[in-house]
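Visitor: got a sequence here, can you model it:
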Amino acid sequence: LAEASYVDNAGHTGAVECRYHIDVTTPEISVEYDLNEPAGGRYYHQPRTATVTIRERNFDERDVDFQITSTEGHMPEISGWTSTGSGDDTLHVCRLVFSEDGDYTFTLAFQDLAGNRAVYGKTDEFTIDRTAPELTVSWDNTDSRNGIYYADSRTAVITVQEHNFDEALLDIAVTAEKDPKAGRMEEAAAGEGEEKDIAAVPSVSAWSHSGDRHTARITFARDGIYTLAVEGEDLAGNRLTAYETEAFVIDCTPPEALIFDVTDRSANRGEVSPGIRLSDTNLDPYSVRILLAGSQKGEISWEGTQTPVQNGMELKMKDFAYVPEMDDMYILRAAVRDLAGNQSEAQVRFSVNRFGSVYSFDAK
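Guide: Residues are numbered from 1 along each chain as shown. Predicted coordinates:
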């Protein structure tokens, strides 16, 4: 405060008063965050709050210069300022809440009313990611038989929609079993299967990337029993909804159908007792069709025994009756499917001629 008074020669008096503010103290800026343990060095899956404190006697909030960038265009919510203390120890505090997904940079500067300037001195960089990855698994072959059996290969297309993606954080597990009767199922990371009693474990393709869309493929091409499971998280620790299939069977191999104890185009005088052997790991016993027909007698009922054998069945017809009317030219046909829909057929032509020659003529 400066004051002055005067009296002129005529006796007139006057006075003047002037107040000055002296401020040579530089403001002090500090920033504290409520979260300081990011995943991967910079990723947070929760809102992050920055508390800004400026120590200054001559403060005007309009002189605070926040410098903030966001890849998604979202700005933090900035609270009002509160002040405590007095003089050079007056503290002015506000809070900034970063709650929306995005990659952020944050710094600030301030100049007090006396022109003293302070800067934060660094730029904080971090990512807010509160959105879980979106996983979809689609299949090119959905044509199953009996619920789980496929007669052709299948390819699974794994797609993850995620901005902060790292394929190393995904766990893609495949199980593969070669022989279901062996009862041994072994799990391995894709691409690490051993050629024992398990089928070769299919491997995951390289990932392709288009923006935030990331895609990989797995092809199940060999016969076997498989499962597929996918789980994981993004760089911020948000976990995706896990995916897991029930076991399914790739069976591209048709059954084996064999007719024995009677040869094709044979003439038979003694015992005539044809047998049929049907083999397949996934044999459908209800699909078996047998046709026995004579050129003169027409279709004849199959009478005999049925015996289970490894991975299939064996049928044995009882000997043809030793009567003249059984002499004839015959066709024996056996057809079968497996549970995946693969079909096989075996056929023989033979004659029974115990009581004389048997002939047939082809039409020309």
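
Visitor: can you show me the helices along the chain?
Guide: For the chain, helices defined by DSSP state H do not occur.

Visitor: tell me which helix or strand of it sits lowest on mean pLDDT?
Guide: strand 186-189 (a mean of 42; mean pLDDT, DSSP states H and E).

Visitor: which stretches of the stretch 251-364 of the chain have low pLDDT?
Guide: Applying pLDDT under 70 to the stretch 251-364 of the chain flags the ranges 358-364.

Visitor: ranges for the strands of the stretch 1-150 of the chain?
Guide: Remark: strands assigned in the stretch 1-150 of the chain by DSSP state E, counting those that start in this stretch are 2-7, 13-18, 28-33, 43-44, 48-55, 64-70, 77-78, 82-84, 91-98, 102-111, 117-119, 124-128, 134-139, 149-150.

Visitor: could you do the stretch 251-364 of the chain as well?
Guide: Using DSSP E, counting those that start in this stretch, strands in the stretch 251-364 of the chain cover 256-260, 266-268, 275-279, 289-294, 298-299, 304-309, 312-317, 328-337, 343-352.

Visitor: want to try CSV for those, with distance to residue 154 and mean neighbour count as columns?
Guide: Every C-beta, even on glycine, is put in place using the N, C-alpha and C of the backbone. Formatted as CSV, these follow (distance: least, Cβ to Cβ, whole Å; neighbours: other Cβ atoms under 10 Å):
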stretch, distance to residue 154, mean neighbour count
strand 256-260, 24, 17
strand 266-268, 44, 15
strand 275-279, 24, 20
strand 289-294, 29, 16
strand 298-299, 40, 9
strand 304-309, 30, 11
strand 312-317, 25, 18
strand 328-337, 20, 20
strand 343-352, 20, 17
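
Visitor: and of those, who's closest to residue 8?
Guide: Of all the strands of the stretch 251-364 of the chain, strand 328-337 sits nearest to residue 8, with 128.0 Å by Cβ to Cβ.

Visitor: quick revisit: in TSV: the strands of the stretch 251-364 of the chain, plus distance to residue 176.
Guide: Shown next, in TSV, are those (distance: least, Cβ to Cβ, whole Å):
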stretch	distance to residue 176
strand 256-260	23
strand 266-268	44
strand 275-279	22
strand 289-294	33
strand 298-299	45
strand 304-309	26
strand 312-317	23
strand 328-337	24
strand 343-352	25
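
Visitor: okay, now the residue nearest to residue 143 when sequence neighbours are not counted: neighbour count?
Guide: Sequence neighbours aside, residue 150 is the residue nearest to residue 143 in space, at 6.9 Å (criterion: Cβ to Cβ, 6 or more residues apart in numbering). By the criterion of other Cβ atoms under 10 Å, residue 150 has 21 neighbours.

Visitor: residues touching residue 150, list them.
Guide: 141, 143, 144, 248, 249, 250, 251, 340 (Cβ atoms under 8 Å, 6 or more residues apart in numbering).

Visitor: if I look at the residue lying closest to residue 356 once chain neighbours are set aside, how far off is residue 298?
Guide: Nearest non-adjacent residue to residue 356, counting by Cβ to Cβ, 6+ apart: residue 327, 6.7 Å away. Noted for residue 327: a distance of 14 Å to residue 298, by Cβ to Cβ, to the nearest Å.

Visitor: same check on residue 222?
Guide: The value you get for residue 222 to residue 298, if Cβ to Cβ is used, is 45 Å.

Visitor: cool, residue 86 as well?
Guide: With Cβ to Cβ as the criterion, residue 86 and residue 298 are 118 Å apart.

Visitor: try residue 310
Guide: For residue 310, the distance to residue 298 - Cβ to Cβ - is 36 Å.

Visitor: same question for residue 84.
Guide: In terms of Cβ to Cβ, residue 84 sits 110 Å off from residue 298.

Visitor: likewise residue 244?
Guide: 55 Å.

Visitor: so what sits opposite the nearest residue to residue 177 once chain neighbours are set aside in the bridge?
Guide: Of all residues not flanking residue 177 in the chain, residue 225 sits nearest, at 4.3 Å (Cβ to Cβ, 6+ apart). Under DSSP bridges, the beta-bridge partners of residue 225 are residue 177, residue 249.

Visitor: quick check: residue 225 touching residue 249?
Guide: Yes. In this structure residue 225 lies within contact range of residue 249 using Cβ atoms under 8 Å: 5.3 Å.

Visitor: shaky segments in the stretch 1-150 of the chain?
Guide: 1-5, 15-23.
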